[in-house]
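K.L.:
no sequence for this one, just the structure:
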């Protein structure tokens, strides 16, 4: 078969590192040593023990489980010197899940650096670490033997701390946290496509635009590029779609076949025939809630003509079956008791349309996020609550009505907020796909924080890259740039936003009409108050050090000793997140300084070195060049002081050396601080203007961490770059492509479908008092003065329902959230 | 819930964009809280009609929680302010007819405040547990049978 294509996206995935039978870990020789992927299956509802945690040898519940990290990663012996990036977090997740199964479990993680560098990961790691019965032990380990009778496994380990003794401990089950490797036959594919691979068999792509392979028109996404987790893979996949779309924009839509739906069945006059589908969600719901009992209960409710359970209601199999069941049983209302409607309602509404039902004849009962997961310790209470939730949903379902969705035209232009690398890459991508794009930057010049970065760890020249981006932005006729611009007012919704911007020193007010918005507002460098920063000129941040190195200042060339302290303002109680880039940044500067002056002594004081993926090789290189790495504990931070000696002010750093347990005192010429990346203070304002949320740390909060990593829950608004979370330039660039891709899915349409949940007026009773007109924030209601009735403009109504609550005579109803529907929910609860 | 101890039943009205999302986050983060609450999703806290609150208490529930976006963060501009004002008046009215004001609670919970949601449920449950069952309408039978919007 021959297929002609304009571009190719490579997503061939990866393989799991296979420990050799002869290896020191006893895999396949000892029955209770499993890989992390095998343990993932053990945890799974569809796994070998149907979701109960048992061990292979005797099917007993293990009471002591050990995880051993870095199997096949960071290992010169097997040739995989890179870090697999995901094992620290999947092991942490497995610990939390295993503890959910059995709170008595003793979990031990034998690890090297813990690399919890992703968004929200540090909090998750801290939570696992502080769970009773969980130990993280920084150590070197080997598996010693299997005990003949019990088949328990003995692990020998030596802590990387003052404890130099070898210890031995017995475990019921050992999990090997295996790394990610490239596929065995990948070279064949690479040769056929003439693309370059790196030494480990991963794709060698353009360092600052990592989706582009060495061959034009061929793009890469996922782990084939480098080991990465799901959010980063999903992001990169969207980005690859965007680059393809840029190339093929002229042919957009030419191969598309519109999906056809059967005609909508008219259910007027039918009495409600409700189908209830209860999801087990693997074990996520089924462990906390007695699902068969909920099913039996649902069958006893009036108007319920069908009830069944699904392992995963959202799976293709289950939704196909749902579609069939609707037709077969003549259902005219559907209740799915599963997770939250905020993520999954659209999936099931789509199925209803496929079955010929109006999508609003659907009601979701949230028995996962708001029941099984939060009442995990009391199955009886959770089951009772789940029954209540289902009963409420059925009560509402009986009364819900089909709704119409209006189609509205799309303004095919975009607004991008933030003129840094992310904002510019998004802007260029959209413009190259043919969409007019407005780029708004708060400062006088484009470039953002990248203006202060000169090269990457991998040696790429950032300033050249940045100049090229800026030139391309200014030269592109589809791009309008506004500098010294700030946003003052935002109105509208997906497809039709209107944003007011004041531009330039003269504060000229511009009104921009646009269909989508991308928030790429960037982030800032944290300015610390500790370690004498701001008090002694020899103490500076890593970015300030980089600036001096680039300008070739004398104190750099004459610097004989440099101390770098990491995690300044990150991973502490005030900012419990990892800033992700500082470890790489510190190594980068250390290596560069060694190049400038090979004699320089560099001490790098760190908590965990988080040089993930191929950055690990630079960490090794720095160690080989005798950069001295000293690990410190957050409870025993380094101390910095200035000592007057022989008329000189000596900058002195002291820190506990963990292996010897002694205080190490370093007199240094300079001290560099790996400071946190912090969200800009005006994020709050932007979040309020666009009505999009921030997370606890002040970065923008995506609709779903894995499924929708660059979308906001609000349609038509997207995010990328540091606005989302700390990340490297190449990662920002890939995420910016992803945001452009997601934005283009709206811009490519002629129409967007507006929400069908709008209000309506019973004109027979309305007295035209105008209270609703007063409370409507969208001016969607006006009183017809002659007829004395309120009139709703459905295109403007956003469905908040304020009018419904305000109407003194109860004649405005908020469709889908009508008074009688909500009252029925309340009554059902007491039934 | 053991039968010998009073366990209150509480109805929570949560707005779709902030508080309901916060409750979802409590779930994905697996933060445990008492199972006494039953949640009704509305698009905006501004939708919460005084009628609903009255209905909840007349039906015999022990407490009601209304939660929306933080001030200035309402997805619909001003719905949460309206909710706050309406709730204040409703509370006064219900207090007048003999409902303990502690039974009616409001809070602002954002989409990122899963822990706060759990905390609020804890507090509301505990607070209502302390004042005991809502008996004001007990003589009218367990709940009022009429429905309707006015």
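P.N.:
Received it, and whenever you're ready, just let me know what you need. These numbers come from a predicted model, not from an experiment.
K.L.:
pretty sure residue A:672 is in contact with residue A:564, am I right?
P.N.:
Yes. Counting by C-beta atoms under 8 Å, residue A:672 touches residue A:564, with 4.7 Å between them. In this view, the C-beta of every residue, glycine as well, is placed from N, C-alpha and C.
K.L.:
what residues does the helix or strand harbouring residue A:294 touch?
P.N.:
Here residue A:294 is covered by helix A:291-299, with elements defined by DSSP states H and E. The contact list for helix A:291-299 (C-beta atoms under 8 Å, 6 or more residues apart in numbering or on different chains) reads A:276, A:278, A:280, A:285, A:304, A:307-309, A:335, A:337, A:367, A:383, A:386-387, A:390-391, A:394.
K.L.:
residues shared between the contacts of residue A:672 and residue A:564?
P.N.:
Going by C-beta under 8 Å, 6+ apart, residues that sit against residue A:672 and also against residue A:564 are A:542, A:586, A:589.
K.L.:
out of everything not next to it in sequence, what's closest to the most centrally placed residue in chain B?
P.N.:
Residue closest to the average C-alpha location in chain B (C-alpha atoms, centre = their mean): residue B:65, at 1.5 Å. Using C-beta to C-beta, 6 or more residues apart in numbering or on different chains and skipping residues adjacent in sequence, the residue nearest residue B:65 is residue B:12, 4.1 Å away.
K.L.:
Double-check that that neighbour belongs to a helix.
P.N.:
No. Going by DSSP: H, G, I helix; E, B strand; the rest coil, the assignment for residue B:12 is strand, not a helix.
K.L.:
before we move on, back to that, of the shared contacts of residue A:672 and residue A:564, which is the most crowded?
P.N.:
residue A:586 (29 neighbours; other C-beta atoms under 10 Å in any protein chain shown).
K.L.:
What about residue 138, how many residues nearby?
P.N.:
All of this refers to chain A. 18.
K.L.:
should've been chain B
P.N.:
10.
K.L.:
For it, which non-adjacent residue is spatially closest?
P.N.:
That would be residue B:60: by C-beta to C-beta, 6+ apart, it lies 7.2 Å from residue B:138.
K.L.:
That neighbour reaches residue A:830, doesn't it?
P.N.:
Yes. Residue B:60 is within contact range of residue A:830, at 6.1 Å (criterion: C-beta under 8 Å).
K.L.:
So between those two, which is more surrounded?
P.N.:
Using other C-beta under 10 Å as the criterion, residue B:60 and residue A:830 rank with residue B:60 on top: 20 against 15.
K.L.:
For the more buried one, report the pLDDT, please.
P.N.:
With respect to pLDDT, residue B:60 has a value of 90.
K.L.:
how much space between residue A:693 and residue A:713?
P.N.:
Distance, residue A:693 to residue A:713, by C-beta to C-beta, to the nearest Å: 8 Å.
K.L.:
got any residues that touch both of those two?
P.N.:
With C-beta under 8 Å, 6+ apart, residue A:693 and residue A:713 have common neighbours B:17, B:21, B:111.
K.L.:
Where do the helices of the stretch 1-150 of chain A begin and end?
P.N.:
A:36-43, A:87-101, A:121-129 (DSSP state H, counting those that start in this stretch).
K.L.:
And the helices in chain B?
P.N.:
Assigned helices in chain B, in chain order: B:19-28, B:50-58, B:79-96, B:114-131 (criterion: DSSP state H).
K.L.:
To chain A, which of those helices lies closest?
P.N.:
Set against chain A and scored by C-beta to the nearest C-beta, the helices of chain B come closest in helix B:19-28, at 2.9 Å.
K.L.:
For residue A:693 and residue A:713, indicate the residue with more neighbours.
P.N.:
Per other C-beta under 10 Å, whichever of residue A:693 and residue A:713 has more neighbours is residue A:693, with 25 against 20.
K.L.:
wouldn't the more buried one be in contact with residue B:111 here?
P.N.:
Yes. With contact defined as C-beta under 8 Å, residue A:693 reaches residue B:111; the gap is 4.2 Å.
K.L.:
Pull the number of nearby residues for residue A:198.
P.N.:
Residue A:198, neighbours per other C-beta under 10 Å, totals 14.
K.L.:
Spit out the contact partners of residue A:119.
P.N.:
Applying C-beta under 8 Å, 6+ apart, the residues contacting residue A:119 are A:231, A:577, A:695, A:699, A:705, A:724-725.
K.L.:
For the nearest residue to residue A:420 once chain neighbours are set aside, which residues are in contact?
P.N.:
In space, and not counting its chain neighbours, residue A:420 is closest to residue A:448: 2.3 Å by C-beta to C-beta, 6+ apart. For residue A:448, the contacting residues are A:418-423, A:522, by C-beta under 8 Å, 6+ apart.
K.L.:
what do you get for residue A:382?
P.N.:
Residue A:382 touches A:288-289, A:371-372, A:375-376, B:35, counting by C-beta under 8 Å, 6+ apart.
K.L.:
What helix or strand is it located in?
P.N.:
Using DSSP H and E, residue A:382 falls within helix A:379-399.
K.L.:
Please spell out which residues along that helix are buried.
P.N.:
For helix A:379-399, burial by neighbour count (16 or more other C-beta atoms under 10 Å in any protein chain shown) applies to A:381-399.
K.L.:
what's the answer for stretch A:281-301, then?
P.N.:
Neighbour count says stretch A:281-301 has A:281-291, A:293-295, A:297-298, A:301 buried, by 16+ other C-beta under 10 Å.
K.L.:
thinking residue A:114 is in contact with residue A:124, fair?
P.N.:
No. If you go by C-beta under 8 Å, residue A:114 and residue A:124 don't touch, sitting 11.0 Å apart.
K.L.:
Looking at those two, which is more packed in?
P.N.:
Using other C-beta under 10 Å, the more surrounded residue of residue A:114 and residue A:124 is residue A:114, with 23 against 16.
K.L.:
Can you read off the pLDDT for the more buried one?
P.N.:
With respect to pLDDT, residue A:114 has a value of 98.
K.L.:
show me what contacts it?
P.N.:
Counted by C-beta under 8 Å, 6+ apart, residue A:114 has contacts A:88, A:125, A:136, A:608.
K.L.:
from those residues, which is closest to chain B?
P.N.:
residue A:125 (13.3 Å).
K.L.:
wait, the closest one sits on residue A:118?
P.N.:
No. Residue A:125 lies out of contact with residue A:118 (C-beta under 8 Å); the separation is 10.1 Å.
K.L.:
Right, and chain B sits closest to which residue of the stretch 1-150 of chain A?
P.N.:
Residue nearest to chain B within the stretch 1-150 of chain A (C-beta to the nearest C-beta): residue A:100, separated by 6.9 Å.
K.L.:
In the stretch 251-400 of chain A, where is pLDDT below threshold?
P.N.:
Within the stretch 251-400 of chain A, no range satisfies pLDDT under 70.
K.L.:
Tell me how many other residues crowd the residue of it found nearest chain B.
P.N.:
Residue nearest to chain B within the stretch 251-400 of chain A (C-beta to the nearest C-beta): residue A:369, separated by 2.9 Å. Neighbourhood size, residue A:369 [other C-beta under 10 Å]: 26.
K.L.:
Leaving out chain neighbours, which residue sits closest to it?
P.N.:
residue B:27 (2.9 Å).
K.L.:
which residues in the stretch 251-400 of chain A form strands?
P.N.:
Shown for the stretch 251-400 of chain A, the strands assigned by DSSP state E, counting those that start in this stretch span residues A:274-279, A:304-310, A:333-338, A:362-366.
K.L.:
Comparing these, which comes out most buried?
P.N.:
strand A:333-338 (a mean of 29; mean count of other C-beta atoms under 10 Å in any protein chain shown).
K.L.:
packing partners for that one?
P.N.:
Applying 3 or more C-beta pairs under 8 Å, 6 or more residues apart in numbering or on different chains; DSSP states H and E, one finds that strand A:333-338 contacts strand A:274-279, helix A:291-299, helix A:316-329, helix A:341-354, strand A:362-366, helix A:379-399.
K.L.:
Name the strands paired with it and say parallel or antiparallel.
P.N.:
Here strand A:333-338 has these sheet partners by DSSP bridges: strand A:274-279 (parallel), strand A:362-366 (parallel).
K.L.:
Dump those strands into TSV; add distance to residue A:659 as well.
P.N.:
What follows is the strands paired with strand A:333-338, written out as TSV (distance: least, C-beta to C-beta, whole Å):
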stretch	distance to residue A:659
strand A:274-279	51
strand A:362-366	51
